[in-house]
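[1] what's the 3D shape of this:
(2 chains)
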Amino acid sequence: MADDKKITKRADDYSAWYQDIVLRAELADYSPVRGCMVFRPRGYAIWENIQRDMDRRFKETGHVNAYFPLMIPESFMKKEAQHVEGFAPECAVVTHGGGEKLEEPLVIRPTSETIIGSMYAKWVQSYRDLPILINQWANVVRWEMRTRLFLRTTEFLWQEGHTVHETHDEAWEEVVRMLGVYRSFAEEMLAVPVIAGRKSDSERFAGALTTLCIEGLMQDGKALQCGTSHDLGQNFTKAFDIKYLGRDGKQAFAWSTSWGVSTRLIGALIMAHSDDQGLVMPPNVAPEPVVIVPIWKNDDEKALVLGKAHELAQALKACGIKPHVDDRENLKPGFKYNEWELRGVPVRVELGPRDVASSQCVLARRVSGTGKETVPLAQAATRIGEVLKEIQAFLFERALAYRKEHTTSVSTYDQFKQVLDGKGGFVRANWDGTKETEARIKEETKATIRCIPDDDHAPTGNDVLSGAPGKHSVLYARAY
RNA sequence: CGGGGUGUAGCUCAGCUUGGCUAGAGCGCUUGCUUCGGGAGCAAGAGGUCGCAGGUUCGAAUCCUGUCACCCCGACCA
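    Numbering: from 1, shown residues only, chains lettered A, B, ... in the order given. Purely as a prediction, here's the structure:
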């Protein structure tokens, strides 16, 4: 009843708010191991929903799943120069096993390009063996100095696609295709609008020629990278000797790609939609899209109301909607309402004796509400289906409006800094294409080039900082 | 690794300055009864080697030394 029921307001302390939401909605918890987190059932359910839909999209684009080992011989990591350099500082290394020191240490995968590359070298002989289109769902470990639940932890879950192609053109097509898959997934399922584009050289994946990405914008005005797709060129195929006999009878190195999204997406979901009342979940990935709260005073009413509640649940299941009947005895309905709101349930159905008597129920929505709505039981399932769609669309539109509001084009460095320190968000500016400018802006403002958007046009103006002719029109932001 | 903070019941914390009797509160938990349409009430109960290790003392949650852990803020990253 006192303050312990409240969660921190976003305006007061955004990080504390985020932490409150994750812990209070029981999505995750801290673990005994520093930097590692526990995915609690409600948080893991979101990941399962993400996996199910994304896996379907991967299969539809011709991919198959496989699984490669957690531990990678240390020497593999060293075969691609930039790759080692990029990942060495954050690798966990196993030095002992079976009570003995290992002859060669094993790296816990921070990503699997190397071990998968070593296998592909065996599997690829001829152009007829290409393309290879494999995805794996796995955990990876990257030693992090500072961690945040879902957004950055030492161990996290993800999927990594690794493909090999005959030509660079085909590989590039794949890179673009998968970024498109990520983009539509983020927008359709997570209701998070994202900007698709290309990373600058300094933000590129260690060992890639080009990294494409989707970037989302959170409610505190900071950007969050939501997925990446890499054109690895022949860097790894040369390092691991992935060669094929071509149509022309000559040996050639293949071209490879990799792409991934992680459980960080759950952090994006939370930060994009939730409010000061708690979690807000888009229906398409919510652990519980619909909760039915039965109301009763005595055993007779309980039997009556619960019976109807389960009937309604059946009707919803028949429509492909997953309902949860909250029949806990010891809690009053009012308490349950508040709890499910904190947990982000999109639609709550209230069903009491008076409703049963008049064959109706009451719908309450977590967002976009115009008060409660009374619906005849016979039409409830259909109506709930409609409301869920409305909420899904509403969340996307609201997030999109926020992003439009928080994307500002600037032509001077003063404006640039003013926007960053003011409303935040994406700042669109011309860039001269040099590392030096990028580094100085990062140094001075903590903003990085999030991406060179797909609609990059030859800029007419000059670089905001250096004043040199602009090469690209890019999006800057402070980022997670 | 630098700066700041915190370790006492499942959670949030009080007690420590000025050592002393059986270590407390609220919430949560268990049992029972009454409640139940927006965070229920009463009653009884369970639950703590006071982060850890030394030291001072007749006596330490409290004082001293050391140590560990975690959180927050800065330098790397999906």
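
[2] which residues does A:Glu155 contact?
    A:36-37, A:139-141 (C-beta atoms under 8 Å, 6 or more residues apart in numbering). (Each C-beta comes from the backbone N, C-alpha and C, glycine too.)

[3] of those residues, which pair is most distant in space?
    Greatest spatial distance among the contacts of A:Glu155 (C-beta to C-beta): A:Met37 and A:Val140, at 13.9 Å.

[4] more neighbours, the two?
    Taking other C-beta atoms under 10 Å, A:Met37 and A:Val140 do not tie; A:Met37 has more neighbours (22 against 18).

[5] A:Val387 against A:Arg365, yeah?
    Yes: here A:Val387 reaches A:Arg365: they are 6.1 Å apart, a contact under C-beta atoms under 8 Å.

[6] got any residues that touch both of the two?
    When contacts are counted by C-beta under 8 Å, 6+ apart, the set common to A:Val387 and A:Arg365 consists of A:346-347, A:373.

[7] burial count for the residue in the stretch 351-480 of chain A positioned nearest to RNA strand B?
    Nearest residue of the stretch 351-480 of chain A to RNA strand B: A:Gly352, at 2.2 Å (C-beta to the nearest atom of the strand). A:Gly352 sits with 19 neighbouring residues when counted by other C-beta under 10 Å.

[8] ok, what's across the strand from A:Thr211?
    Per DSSP bridges, the residues bridged to A:Thr211 are A:His230.

[9] let me see the contact set for it.
    So A:Thr211 contacts A:198-199, A:203-205, A:228-231 (C-beta under 8 Å, 6+ apart).

[10] ok, which residues in the stretch 201-350 of chain A are in contact with RNA strand B?
    Within the stretch 201-350 of chain A, the positions near RNA strand B by C-beta under 7 Å from any atom of the strand are A:205, A:225, A:227-228, A:260, A:262-264, A:295-298, A:329-335, A:337-339, A:341-342, A:350.

[11] need the contact list for the residue nearest to A:Thr95 when sequence neighbours are not counted.
    Among residues not flanking A:Thr95 along the chain, A:Pro105 sits closest, at 5.1 Å (C-beta to C-beta, 6 or more residues apart in numbering). For A:Pro105, the contact set (C-beta under 8 Å, 6+ apart) comprises A:74, A:93-95.

[12] quick one: buried ones out of those?
    Neighbour counting by 16 or more other C-beta atoms under 10 Å classes A:Glu74 among these as buried.

[13] in a markdown table: the contacts of A:Pro105, plus distance to RNA strand B, secondary structure and pLDDT.
    As requested, the contacts of A:Pro105 are exported to a markdown table (distance: C-beta to the nearest atom of the strand, whole Å; DSSP: H, G, I helix; E, B strand; the rest coil; pLDDT from 0 to 100):
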| residue | distance to RNA strand B | secondary structure | pLDDT |
| --- | --- | --- | --- |
| A:Glu74 | 19 | helix | 93 |
| A:Val93 | 16 | strand | 88 |
| A:Val94 | 19 | strand | 89 |
| A:Thr95 | 19 | strand | 88 |
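
[14] and the contacts of A:Pro105, which is closest to A:Glu48?
    Among the contacts of A:Pro105, and counting by C-beta to C-beta, the member closest to A:Glu48 is A:Val94, at 29.2 Å.

[15] bridging residues for the closest one?
    A:Leu106.

[16] doesn't A:Cys361 belong to a strand?
    Yes: checked against DSSP: H, G, I helix; E, B strand; the rest coil, A:Cys361 lies within a strand.

[17] so what's the residue count around it?
    By other C-beta under 10 Å, 24 other residues sit near A:Cys361.

[18] and it, what does it touch?
    A:Cys361 touches A:312, A:349-351, A:355, A:374-375, A:377, A:380, counting by C-beta under 8 Å, 6+ apart.

[19] again, only using 6 Å
    By C-beta atoms under 6 Å, 6 or more residues apart in numbering, the contact list for A:Cys361 reads A:349, A:351, A:355, A:375, A:377, A:380.
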